[in-house]
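Participant: Sequence and predicted structure, then a few things I'm wondering about:
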Amino acid sequence: MSDATIEAESAEAHDHPSDLDYVKVFVALLVLTGIEVATFFIDLPTPMLIGSLAILMSVKIYLIAAWFMHLRIDNRLFSRLFITGISFAVVVYLIMLSTFLLWDQFDF
């Protein structure tokens, strides 16, 4: 294969988004952040508030990781490592949170 053929194939394999695509993602993140802020001014029950904020947070994390960290066009191994790391961090956070809530109930 010639160098031109290899460069053409690699350009097709890693088709990077245009600047307009990044602006669209930025606007989507801006709108999602506005919705998150607006939820505090709406009188929602606490479980619904937490659930809606968790969903919005997850969508924003996905958009940032997929577009700005380029995980959607990189090797799947990088996506798996990112998901494993963030899942581990959430589990550790929940364990620590439950530990603080559990130990707060006991009088020593």
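Facilitator: Cool, got the structure. The shown structure was predicted, so the numbers you read here are calculated from the model rather than taken from an experiment.
Participant: switch to C-alpha atoms for all contacts and neighbour counts from now on
Facilitator: Noted.
Participant: Determine the longest helix present in this protein.
Facilitator: When the chain is scanned for its longest helix (criterion: DSSP state H), the result is helix 76-103.
Participant: buried set for that helix?
Facilitator: S79 (16 or more other Cα atoms under 10 Å).
Participant: Any stretches of this protein with poor pLDDT?
Facilitator: Scanning the chain for pLDDT under 70 picks out 1-14, 106-108.
Participant: Can you show me the helices along it?
Facilitator: 3-13, 19-39, 46-63, 76-103.
Participant: Can you lay out those helices as JSON lines showing distance to M69?
Facilitator: Output for the helices of the chain, formatted as JSON lines (distance: least, Cα to Cα, whole Å):
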{"stretch": "helix 3-13", "distance to M69": "17"}
{"stretch": "helix 19-39", "distance to M69": "12"}
{"stretch": "helix 46-63", "distance to M69": "9"}
{"stretch": "helix 76-103", "distance to M69": "10"}
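Participant: Got the domain ranges for this structure?
Facilitator: 14-74, 75-108 (automatic domain parsing).
Participant: how far is stretch 15-31 from where the chain is centred?
Facilitator: Relative to the centre of its chain, stretch 15-31 is centred 15 Å away, using Cα atoms, centre = their mean, to the nearest Å.
Participant: residues of stretch 27-47 that come out buried?
Facilitator: 29, 32-33, 36, 39.
Participant: so which of these would you say is closest to A54?
Facilitator: E36 (9.7 Å; Cα to Cα).
Participant: Next, count neighbours for the closest residue to that closest one other than its chain neighbours.
Facilitator: Leaving aside its sequence neighbours, E36 sits nearest to L53 (Cα to Cα, 6 or more residues apart in numbering; 6.4 Å). As a burial measure, L53 scores 19 neighbours (other Cα atoms under 10 Å).
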